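Peer 1: 3D, please:
(one chain, ligands or ions: 1)
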Amino acid sequence: MPAHEFESDTTTDPLAHERAHLAASRAALRAMREDAQALDISDVTANWVNAAVLQAQIDERIKSLADLSHTPLFFGRLDYLHVVGAEEAEGAQGEQFYIGRRHVHDAVGDPMVIDWRAPVSQPFYRASRKDPLDVGRRRRFGYTGGDLTAYEDEHLTDPAEAEQTSKLLQAEIERPRVGPMRDIVATIQPEQDEIVRSELGGTVCVQGGPGTGKTAVGLHRVAYLLYAHRERLARTGTLVVGPNRSFLHYIEQVLPALGELEVKQATVEDLVGAQVEVRGTDEARAAVVKGDARMAEVLRRALRSHVTLPTQPVMVVRGSRRWRVPAYEIEEMVQELLARDMRYGAAHEALPQRIAHAVLVRMEEAGEAPDDRVQNAVARNPAVKAAVKAVWPAVEPAKLVLRLLADPEFLAAHAEGLLTEDEQKAILWVKPARSVKSAKWSAADAVLIDEASDLVARTHSLGHVVIDEAQDLSPMQYRAVGRRCSTGSATVLGDLAQGTTPWSTQNWEQALHHLGKADAVVEELTAGFRVPRDVIAYASRLLPVISPGLTAVESVRESPGSLSVREVAGADALDAAVIAACEEALTHEGSTGLIAADARVPALADALTAAGYPYLSPGQETTADSRLTLVPASLAKGLEYDYVVLDEPAAVVDGEPDERTGLRRLYVALTRAVSGLAVLHSAPLPRELG
Ligand SMILES: Nc1ncnc2c1ncn2[C@@H]1O[C@H](COP(=O)(O)OP(=O)(O)OP(=O)(O)O)[C@@H](O)[C@H]1O
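Peer 2: A predicted model of the protein is given here:
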């Protein structure tokens, strides 16, 4: 597969031909945009609401038709052997399609560029010599800046042509990283494409080591699903859940670059934090118990304990008449509502209507002809309200959780047989809060309140949710995310070896069960696109300890990468050595990340400032001028830097409550580098790395 650079053909210059197609496609896109801008909707909209809605849609379309000079309009071409969809008749004429980030058509509606998500584009990612999918030639384009400068051909049906790795693909993988995450539409690999294009109905779980493209695949899957099921997902909504704000910043530009502007992003805390302000933290032990799925049953029991069976009849007075519904009849209603297992709040709403209905039946029996308005009035009658308040009172979710955490007897009554005494003690507040407002709620408490809210009123479900770094979610957090896609589907992305929370996922089957998607398929990605060979081999020495049985990542990068491990004599000399290593890393193109134990960050920040090096925080955008980021180890997950300087591994390990978690945190820190890793230590290295 030769790469052609400014090469001339005997008849025509193919590169010039492709450039002309690029120029024509850009002109066509401009025309599409101008058409959208020129739309006059004054005649077709009867009222201002319609006009505003339509105008917003048009504005959206205009935005999506922007020609971004730094993102090439197309990156590939497929030469089909036959007309797509036609019988494969001998001598039938082939068809040619340019594959790009969005669809572009000419003035008469013929396609100039096909969206990468369209079915005809799929062979660009999947066709192989073994199964050419009717593609005679696959062409990849190379760009420098915004200019088309090279192309590469594969003749998939030519037996004489040998299989080779694509130079353009390799260049894309090896490119130095600066700035936020970019899309990978031009180079999605077949095993990634299978996940990207898997159907909306099913939930997919991807286990993959560092840099295998899980995040990239998840984001491209949303883009694909939005294309394939545009209307449905526009109605139901899509969401990407990530571990923290800096990570969400890092990935936030990928979907807009693919023309998808409507996908929401949130952390689990954002999702569950609507009702209370999180100001407190939990001891690990308490957080583990609060995050355990058994808490869901404790909450359910505690909530249901508010329902009591009636002992009094209800007497409704209307005008000169009194209507009596006996206690046993109300009890039947309550038993029926309990048996139906409907949401607590829905039953609370339904009960007054049921009682009113019983009154209406009596009215009819007495010869009256009451209508719906009478039923509603009876339902609001003070006697009915009082009965409902006694039997099925309204419950505020936060108050319910407050009582469980503050009142040992209430907790014991509902945790019996579920939580041990020690576990109950672990979650009870030492100093019980008096009110929802004054309580110092923790992140795990907010999840409990969210669970209680869902017991009261069903949580709205979205059409599709992507969960990244899912291995760090607790069972209760999985439940919280799961109810946000209870009628939709999910993409679950994670790496068991990178689990660093005390409640992290032990196996995907359990996690998917808590998510409510037990029938999901688990896929594994093992080809690594980020970390160079030598570096991933070094980091993988930790695998047998942190996650036995997991497959080590195999780097697809050709350059072995630079790995240096330096011992510095004496802790005093470490800061200076680290700064020197950063200085050295910054002589290369691309970004540099200095990763250190959280406790070491203030000292290193001072040292950097004293040495005159400005630095960024994780998630802040690197630019050509500021390329150094100081990264606390706790925030390194999911991020990548061209060069990484890792400060004192032993401190990273010691920063965690136990050794295995510490080594996992270290594994994350060791696997952030794209081109080179320098490890500096004055304390002994963990023996697994020795
Ligand atoms: N097919 C591909 N072509 C080019 N680059 C790719 C491809 N797949 C992934 N990459 C790149 O590899 C890097 C790692 O990808 P990504 O962050 O999605 O991996 P990850 O599995 O989520 O890693 P981690 O476990 O560390 O979070 C990114 O820069 C991404 O753009």
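Peer 1: up against the ligand, what does this protein have?
Peer 2: Counting by Cβ under 6 Å from any ligand atom, the chain comes close to the ligand at 172-173, 184, 187-189, 192, 208, 210-216, 495, 498, 529-530, 638, 640, 671. Where C-beta positions appear, they are placed from N, C-alpha and C, glycine not excepted.
Peer 1: just the buried residues out of the residues you listed, in ChimeraX syntax.
Peer 2: Provided next is the ChimeraX selection string for whichever of the residues of the chain next to the ligand are buried by 16 or more other Cβ atoms under 10 Å:
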select :172,173,184,187,188,189,192,208,210,211,212,213,214,215,216,495,498,529,530,638,640,671
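Peer 1: quick one, phi psi at the closest residue to Leu156 other than its chain neighbours?
Peer 2: Nearest non-adjacent residue to Leu156, counting by Cβ to Cβ, 6 or more residues apart in numbering: Pro132, 3.9 Å away. With angles defined as degrees, to the nearest 10, Pro132 sits at phi -70, psi -10.
Peer 1: could you measure Pro132 against Tyr80, distance?
Peer 2: Per Cβ to Cβ, to the nearest Å, Pro132 is found 10 Å from Tyr80.
Peer 1: looking at the stretch 451-600 of the chain, which residue is nearest the ligand?
Peer 2: Nearest residue of the stretch 451-600 of the chain to the ligand: Phe529, at 3.3 Å (Cβ to the nearest ligand atom).
Peer 1: can you pull the contacts of that residue?
Peer 2: Phe529 makes contact with 173, 211-213, 556-557, according to Cβ atoms under 8 Å, 6 or more residues apart in numbering.
Peer 1: looking at the stretch 51-200 of the chain, which residue is nearest the ligand?
Peer 2: Counting by Cβ to the nearest ligand atom, the stretch 51-200 of the chain gets nearest the ligand through Thr187, at 3.5 Å.
Peer 1: centre of the chain versus stretch 333-350, how much separation?
Peer 2: 35 Å (Cα atoms, centre = their mean, to the nearest Å).
Peer 1: please enumerate the strands of the stretch 351-500 of the chain.
Peer 2: 464-467, 489-494 (DSSP state E, counting those that start in this stretch).
Peer 1: Throw these into a markdown table and include mean neighbour count, thanks.
Peer 2: Conversion of those to a markdown table gives the following (neighbours: other Cβ atoms under 10 Å):
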| stretch | mean neighbour count |
| --- | --- |
| strand 464-467 | 27 |
| strand 489-494 | 26 |
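Peer 1: burial count for the residue in the stretch 301-450 of the chain positioned nearest to the ligand?
Peer 2: Distances between the stretch 301-450 of the chain and the ligand by Cβ to the nearest ligand atom are smallest at Ala443, namely 21.2 Å. By other Cβ atoms under 10 Å, the residues close to Ala443 number 20.
Peer 1: now Gly417
Peer 2: For Gly417, using other Cβ under 10 Å, the count is 9.
Peer 1: list the contacts for the closest residue to Glu523 other than its chain neighbours?
Peer 2: In space, and not counting its chain neighbours, Glu523 is closest to Val206: 5.2 Å by Cβ to Cβ, 6+ apart. Counting by Cβ under 8 Å, 6+ apart, Val206 touches 195, 214, 217-218, 491-494, 522-525.
Peer 1: that older thread, columns mean pLDDT on top of the strands of the stretch 351-500 of the chain, output as TSV?
Peer 2: Formatted as TSV, those follow (pLDDT from 0 to 100):
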stretch	mean pLDDT
strand 464-467	98
strand 489-494	97
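Peer 1: of all the ones you listed, which one comes closest to Ala339?
Peer 2: The minimum distance between Ala339 and those falls on strand 489-494, with 30.5 Å, by Cβ to Cβ.
Peer 1: the closest one packs against which elements?
Peer 2: Counting contacts by 3 or more Cβ pairs under 8 Å, 6 or more residues apart in numbering; DSSP states H and E, strand 489-494 packs against strand 204-208, helix 214-228, strand 464-467, helix 508-515.
Peer 1: what sits up against that strand?
Peer 2: 195, 200-208, 214-215, 217-218, 221-222, 463-472, 481-482, 505, 508, 511-512, 515, 517, 520.
Peer 1: where does the prediction get shaky in this structure?
Peer 2: By pLDDT under 70, the low-scoring segments of the chain are 1-11, 41-46, 61, 64-65, 67-70, 85-93.
Peer 1: residues contacting stretch 573-593, please?
Peer 2: Looking at what lies outside stretch 573-593 - Cβ under 8 Å, 6+ apart - the contacts are 176-179, 566, 568, 594, 596, 603-604, 607-608, 611, 613, 622, 627-629, 631, 636, 639-645, 647-648, 672-676, 678, 680-682.
Peer 1: for that stretch, C-alpha coordinates in CSV please.
Peer 2: What follows is stretch 573-593, C-alpha atoms only, in CSV (Å, rounded to 0.1, in the frame of the first residue of the first chain):
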residue,chain,number,x,y,z
ALA,A,573,17.0,16.4,45.5
LEU,A,574,13.8,14.9,44.1
ASP,A,575,12.0,18.2,43.3
ALA,A,576,14.9,19.6,41.3
ALA,A,577,15.3,16.3,39.4
VAL,A,578,11.6,16.2,38.6
ILE,A,579,11.7,19.8,37.3
ALA,A,580,14.7,18.9,35.2
ALA,A,581,12.8,15.9,33.8
CYS,A,582,9.9,18.2,32.9
GLU,A,583,12.3,20.6,31.2
GLU,A,584,13.7,17.8,29.2
ALA,A,585,10.2,16.5,28.2
LEU,A,586,9.2,20.0,27.1
THR,A,587,12.0,20.0,24.6
HIS,A,588,9.8,17.6,22.6
GLU,A,589,6.7,18.5,20.7
GLY,A,590,3.3,17.9,22.4
SER,A,591,2.0,18.0,26.0
THR,A,592,3.8,17.0,29.2
GLY,A,593,2.0,15.8,32.3
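Peer 1: the residue nearest to Ile114 when sequence neighbours are not counted pairs with what?
Peer 2: Spatially, and ignoring its direct neighbours in sequence, Ile114 is nearest to Phe97 (4.8 Å; Cβ to Cβ, 6+ apart). Per DSSP bridges, the residues bridged to Phe97 are Leu78.
Peer 1: Phe97: how many residues sit nearby?
Peer 2: Each residue near Phe97 was counted by other Cβ under 10 Å, and the total is 22.
Peer 1: do Asp115 as well
Peer 2: 20.
Peer 1: so Tyr615 sits against Ala605, correct?
Peer 2: Yes - counting by Cβ atoms under 8 Å, Ala605 is a contact partner of Tyr615 at 7.3 Å.
Peer 1: what do these two both touch?
Peer 2: Leu630.
Peer 1: neighbour count winner among the two?
Peer 2: Tyr615 (19 against 15).
Peer 1: residue in the stretch 251-400 of the chain nearest to the ligand?
Peer 2: Counting by Cβ to the nearest ligand atom, the stretch 251-400 of the chain gets nearest the ligand through Ile251, at 8.3 Å.
Peer 1: quick check: the residue nearest to that residue when sequence neighbours are not counted vs Leu168, distance?
Peer 2: Excluding the flanking residues, the one nearest Ile251 by Cβ to Cβ, 6+ apart is Met181, at 5.0 Å. Separation of Met181 from Leu168 (Cβ to Cβ): 20 Å.
Peer 1: all helices for the stretch 351-500 of the chain, in order.
Peer 2: Under the criterion DSSP state H, counting those that start in this stretch, helices of the stretch 351-500 of the chain are mapped to 372-379, 382-391, 397-406, 408-415, 421-427, 443-456, 475-482.
Peer 1: can you say which of the ones you listed is nearest to Val104?
Peer 2: Here helix 475-482 is closest among those (Cβ to Cβ), at 36.8 Å.
Peer 1: which secondary structure elements does that closest one contact?
Peer 2: Using 3+ Cβ pairs under 8 Å, 6+ apart: helix 475-482 touches helix 268-272, helix 284-291, helix 294-304, helix 443-456, helix 508-515.
Peer 1: tilt between it and strand 489-494?
Peer 2: 140 degrees (axes from the mean of the first three to the mean of the last three Cα atoms, to 10 degrees).
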